[in-house]
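In: below are the sequence and a predicted model; questions follow.
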Amino acid sequence: MLYSCGNRRMNMKKTALLIKRVVIQSLFGHADYVLNFSDGSTSDGADINVIYGLNGAGKTTVLQLLYNILTPEAAGSKSWVSQTPFKRINISFSEEEYIEIEKIRGLTGTYRATCCFDSKSAKFNIVANEDCAVRDSNPGQQVDRYREYLSNLNLNLFFMSDRRKYKTNSVLFKRTESVSSEEWVEFIDPAGRRRRMSAKSDDGAPLSVAEISKAISSSFQSQVIESGLFAQKNSNHVYLELINSMSIDDQRADKYQTVEQLIEQLEQLEKSLADATQFGVMPHIDISQYTEALRNVSGENLNNIALVIELFLNAQRTRIDAAKVMVDRIRSFITELNRFYTGKIFNFDVRQGFYISSSLTGEPVNFDWLSSGERQLFTILASIFLAQNTPCIILIDEPELSLNVLWQREFASSLKRLSILSPVQYIFASHSLEILNNTSVNVVELGNAS
């Protein structure tokens, strides 16, 4: 065993881990696949992948395997891998970094996980009993050490099933409820024996737009607090600048020579503040009060006033810079949402969170009043915020469900625009020609489906 659980490994992987290739041997006992994914490193920056294949080829199973192999969470994920019939699967993140799962005997049951990162490899025996259940009490079990290893990779995962339920290991949508489904999937193994595989871990939690909206709002509120503290820390040097400026020759030639120049600087600041004040990230400042006061300044006091205005401007610019990434994310998300929705206007305020109003009457619209397609679109576009600044792999089975043809045609482009702000890789399973024909996506064919 080459893997060490010591403190040196607790933050083992901080660089972006996005999937480049998946090689599967003997899925369901007969299918061999090589799937090449785009991770945004190409010249066009494509990071939206769509798996396309005939019914029964295993598109949904591939998504489930990726999630259940890579997630460090328990909830039956490692048992699901044990119960799914295949011989070997290799998930590569680069030429030298990968996770490989190989069944020890046959296509189900106990398997070995080989992980190679940072030029070091680790092997874990994931022991299953006769029912293919992976339990901590199984003799020779190393599943806890495997989960710890996965945790240290810092992979951020989100999976949405075709039932519109989700699973995730992201702290933003951390679930605490247990899954109680008792559904099973039956299959015939290569020896002709009828076997069944638990679908328990596939259920996940029902999608709640209100819950997701609240989670994203809470995340932004935390960032506002953090950016405020950061801005305050970095604005302290402004006061030192003022002291230094006033300690030199009183007759210095200040860059603000006239009242008109000072007013111009203040008006530019007002424009820069527009987005931040609109979303409540920064308080509104009535610049007109400053410009009105400036017009009453006498020439002999202008240099001193200029120093005060410079202090004020620099302090506000520091706060704007600290909030810029966050404000850009909010603005982009709101803009993309409002491209789609008819008769409704989305907006955001740090204190209030996301809110919707009627474009006709201005009256508030409850999230529960959204149609299934509207709720689903919000969730898919909102998934970008799972990542923030952390690399994230988002797996969605049949994203076209409940989306009209026009929305199917456009939503991949919206994701593309949003993903510029976060290191996100999307992997979809889809039959939609509108999605497959979008130039923003990388189509990954599963078998001979063309």
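Out: Yep, that arrived.
In: okay, Leu155: pLDDT?
Out: Among the per-residue scores, Leu155 holds a pLDDT of 86.
In: right, and it touches Asn169 too?
Out: Yes - using CB atoms under 8 Å, Leu155 is in contact with Asn169, at 7.4 Å. C-beta coordinates here come from the backbone N, C-alpha and C atoms, glycine included.
In: overlap in contacts of those two?
Out: Between them, Leu155 and Asn169 share these contacting residues under CB atoms under 8 Å, 6 or more residues apart in numbering: 71-72.
In: show me the contacts for Val134.
Out: By CB under 8 Å, 6+ apart, the residues touching Val134 are 78-79, 81-82, 126-128, 141, 143.
In: same check, this time on Phe385
Out: Counting by CB under 8 Å, 6+ apart, Phe385 touches 172, 216, 219, 329, 333, 422.
In: in stretch 425-439, what's buried?
Out: Neighbour counts over stretch 425-439 (16 or more other CB atoms under 10 Å) mark 425-430, 432, 434-436, 438 as buried.
In: what do you get for stretch 90-103?
Out: By neighbour count on 16+ other CB under 10 Å, the buried set for stretch 90-103 is 90-93, 97-101, 103.
In: which of these lies closest to Val209?
Out: Among those, Ile91 lies closest to Val209 (CB to CB), at 31.3 Å.
In: which residue packs closest to Pro364, ignoring adjacent ones?
Out: Once flanking residues are discounted, Pro364 sits nearest to Ser357: 5.6 Å by CB to CB, 6 or more residues apart in numbering.
In: from Phe117, how far off is that neighbour?
Out: Distance, Ser357 to Phe117, using CB to CB, to the nearest Å: 48 Å.
In: when these two are compared, which one has more neighbours?
Out: Ranked by neighbour count (other CB atoms under 10 Å), Ser357 and Phe117 place Phe117 first, with 20 against 14.
In: report the contact partners of the closest residue to that one other than its chain neighbours.
Out: Excluding the flanking residues, the one nearest Phe117 by CB to CB, 6+ apart is Glu97, at 5.1 Å. By CB under 8 Å, 6+ apart, the contact set of Glu97 is 17, 116-118.
In: coming back round to it: among the contacts of Val134, who's most crowded?
Out: For these, the largest neighbour count, defined by other CB under 10 Å, is 27 neighbours, found at Lys78.
In: name the element it belongs to?
Out: Using DSSP states H and E, Lys78 maps to helix 77-83.
In: in terms of secondary structure, what does that helix contact?
Out: helix 59-70, strand 120-126, helix 143-152, strand 194-198 (3 or more CB pairs under 8 Å, 6 or more residues apart in numbering; DSSP states H and E).
In: can you tell which of the ones you listed is closest to Asp349?
Out: helix 59-70 (34.0 Å).
In: right, I'll leave it there.
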